[in-house]
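Engineer: The sequence and its predicted three-dimensional model are supplied below.
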Amino acid sequence: MIIRVSLVILLCLLLIIPMIRSLYIIDTLPTEYNILIECVEDYSIVGGTDLKYVCDAAVSFRNKLYDTGKYDYWYYSDSLAWPSDWWTKEVSGYSNYPIYHAYRQDYAVFLGHGNEGRFIFGIMKTASNGYDYSEVWLVSKGPNGYTWMYPYDDNYDEVYTRWITLFASQVLNADAYPNMGYSISDVFYYTFTNQGSSPACLHGIVGARTEMVDYYKPCTICSEVPASVNTMNDYADRLISGSSITDAWFNAVWTYNNVKDIFGNIVFQTSPAALYYIVQFKDSQGRIIASYDYKNEGMLGFSSTIYPAPFQLEPPPGTAQIVYVEVYLYG
Amino acid sequence: MVDEIIAKFRIVLLLLIILVSSIPLATITYTYEGQDLNNYLNRNLKIYILERIQSPREIEGIISLDEYRDRLNHVLYLISKDPYEIAQNLSLTGTTKYLDENIMIYEGTYKGHRIIVALGDLGHFMIKIDDGETGAYCMCNLTENILKVTHVILYRDMEFKYSGQYAEQTAVSRIGRICNITNGTTTCYTPGTSEVTVSLINPYEIYYFYIDGIRIEPPLRIRCSIPKFNDGFQAVYVEGFIPHKISNVINITLTSKRISSIVDLLKQENIDISSPDELVVDDTYLVLIPGQRLIPVFKLRHQNIVAWIGLNDNETILLSLASFTGKGTTNTGDQGLRIDWDDILANASFDKTSTRSLLENSFTLTIMAIIVMVFSIIYIVSKRRSRH
């Protein structure tokens, strides 16, 4: 009898566990737009060093957007934040991307550890090749290619990841890409255009060329300055006020993501970076008759400068050529 | 008589400079190849004591020996070949402090451009023409020779090196894809070779001074301009730190006791280390601290934690400690220490001294005018009486 009851309880638990993660979203009134926010402070499972404030930064950023009444969110932290939420290759068991997957949102944000060309989660997930990984790559890593991302509109509902924000170190460090056998242009090749085979849906990525600061402490008896929280708060404020995504990110990072010493000197300043397109429409004589610079694009609901996906841009009459210029901007 | 005294003072000053610059300083070569702190055991380091620029009021009777004015003229050489003409248009408008350094603020207009100069009495300075930006930029290519023209005294074993060209923003772009539209049909292709265009937005150059092989922070940041299109200005923004004078040097050694004190200091900050070989030396440099001294700083890394440690002669100072969202292996794009000039200028106070002297002068002139008037009346009255 006891064994039977235990088995029933166990089966019930097995049924409930996959649902728990979905319950983490706070059920709210329907809002216009969606955002995925994932953060990792606890890296003990994958053997990395822990962070202290990035999830506070994520929550603060999330709340600011939510309070506008225009955004609903999926928020996952630590072991509930999964790299598979960003992978292009489907995790076995799903025919389509789950509702909380990055590609099903208008925007996606990650806060945690990063390195050249990739960002790192606190747990490993099994990819479609059967191996476990904790990273998401912006380029296809060697022969694997199971952990890179290409955000696109998988179910044709006009919702896809427009911009990705990566609060993680060195993911957009162009100088380091050659060490991996890549160039920064390969991010356009993989993450923007599905190995050059598909049109670009993603509008842009903002991240960092250098290390990013979680917190600093300018003297023994001084309080810690949560640079990550301050940066993300300012980023949210600037987005809500209608700034373009790149301007909001660059200014927030310049203002708050630095390390000061006891004398107030800036001893380290994070270098923000962005990847985006400029799309030019030219006539038969090579004159530019229309141009879209995604650097100027703001966030849905807050800015009047909103563009469709690069491939959805309507060619004006007389267009003979469309030129997609890939831009890597850093400051 | 006054000229004679000034001449004598200049000779004494020159002798002092020669004396200071002839202090024997051993050259130390450092490597920053990620060596752990143990490799620095018994390394000799130096602390440099700086002398302040003398204010004219501190030397009684010899007003013309104004080291601030001399310094002002010298740093203005960085922006113009005719610094004296610019200096004539500048007046002292404010004072402020950075640590224990006194900063004088000079402002004025030259050829329609607003000029602001901040000049510290230990060596920090900043010059900005209008907003400090230019549409007609050119590389500066400063060398030690140019600095000699600016009368900056390079001490023995002091070097001046170019660090690199930077920009507030850099845009690297290339054509990724081209689609041709012919008769309603779109054909796309990826160009085999695509020219990469690099655009620098508000570029500037960074130069460092080195003493005994260690660089001094903050560096010289300078944005040069084409004089022809900038009313003769060869630079529109300069900020930096050039020590005024080094009056003394204190030798310190990185003993095992001192290294242990660094480890202990970081342990107090809950950094999980037990020995100095767990600390990688990412960088060393010299920085000004209160007490008119340049002290060596070690930037130490343990995993994703970085600590900046200052070594004073008898104390180890935690200058800052930071946690990064990465491995902390490389801080690429690090452009050196920077002081917040906007903040310093925002906290400046209006210089009452210059206003007071102006008022005092007005008062003196008024009294003089009254005296002259009274004497004139007495003279006229006495003349009239004499006619009678």
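Structural biologist: That came in fine, so what should we check first?
Engineer: What parts of the stretch 1-150 of chain B come near chain A?
Structural biologist: Taking Cβ under 8 Å from any Cβ of the partner chain, the part of the stretch 1-150 of chain B that reaches chain A is made up of residue B:99. Yep, even glycine has a C-beta here, placed from its N, CA and C like the rest.
Engineer: show me where the stretch 1-150 of chain B has helices.
Structural biologist: Assigned helices in the stretch 1-150 of chain B, in chain order: B:2-21, B:67-76, B:83-88, B:144-149 (criterion: DSSP state H, counting those that start in this stretch).
Engineer: Spell out which residues of the stretch 1-150 of chain A are next to chain B.
Structural biologist: Proximity of the stretch 1-150 of chain A to chain B (Cβ under 8 Å from any Cβ) is limited to residues A:49, A:51, A:52, A:54, A:111, A:112, A:113, A:114, A:115.
Engineer: ok now do the closest residue to residue A:250 other than its chain neighbours, which residues does it touch?
Structural biologist: The shortest distance from residue A:250 to any residue that is not its chain neighbour, by Cβ to Cβ, 6 or more residues apart in numbering or on different chains, is 4.7 Å, and that residue is residue A:272. With contacts defined as Cβ atoms under 8 Å, 6 or more residues apart in numbering or on different chains, the neighbours of residue A:272 are A:206, A:207, A:208, A:209, A:249, A:250, A:253, A:254, A:257, A:330, A:331.
Engineer: partners of residue A:272 in the sheet?
Structural biologist: With DSSP bridges applied, residue A:272 shows beta-bridge pairing to residue A:208.
Engineer: Tell me the one among the residues of the stretch 1-150 of chain A next to chain B nearest to residue B:43.
Structural biologist: Proximity to residue B:43 was ranked across the residues of the stretch 1-150 of chain A next to chain B by Cβ to Cβ; first place goes to residue A:49, at 28.6 Å.
Engineer: For residue A:37, see how far away the residue nearest to residue A:250 is.
Structural biologist: When distance is defined by Cβ to Cβ, to the nearest Å, residue A:272 is 19 Å away from residue A:37.
Engineer: likewise residue B:113?
Structural biologist: Here the criterion is Cβ to Cβ. By it, residue B:113 lies 47 Å from residue A:37.
Engineer: So for those two, which residue has more residues nearby?
Structural biologist: When neighbours are counted by other Cβ atoms under 10 Å in any protein chain shown, residue B:113 and residue A:37 differ, and residue A:37 comes out ahead with 26 against 16.
Engineer: so the more buried one makes contact with residue A:71?
Structural biologist: No: at 9.9 Å, residue A:37 does not count as touching residue A:71 under the criterion of Cβ atoms under 8 Å.
Engineer: Doesn't residue A:303 belong to a strand?
Structural biologist: No: applying DSSP: H, G, I helix; E, B strand; the rest coil, one finds residue A:303 to be coil, outside a strand.
Engineer: do you know how far it is from chain B?
Structural biologist: Distance of residue A:303 to chain B, computed by Cβ to the nearest Cβ, to the nearest Å: 20 Å.
Engineer: What sits closest to that residue if chain neighbours are left out?
Structural biologist: Nearest residue to residue A:303, sequence neighbours excluded (Cβ to Cβ, 6+ apart): residue A:242, at 4.8 Å.
Engineer: which ones are touching the one you found?
Structural biologist: The neighbours of residue A:242, taking Cβ under 8 Å, 6+ apart as the test, are A:298, A:302, A:303, A:304.
Engineer: which residues touch the residue of the stretch 101-250 of chain A found nearest chain B?
Structural biologist: Relative to chain B, the nearest point of the stretch 101-250 of chain A is residue A:169 (2.6 Å; Cβ to the nearest Cβ). Taking Cβ under 8 Å, 6+ apart, we find residue A:169 in contact with A:113, A:114, A:115, A:208, A:210, A:211, A:212, B:324, B:325, B:326, B:327, B:328.
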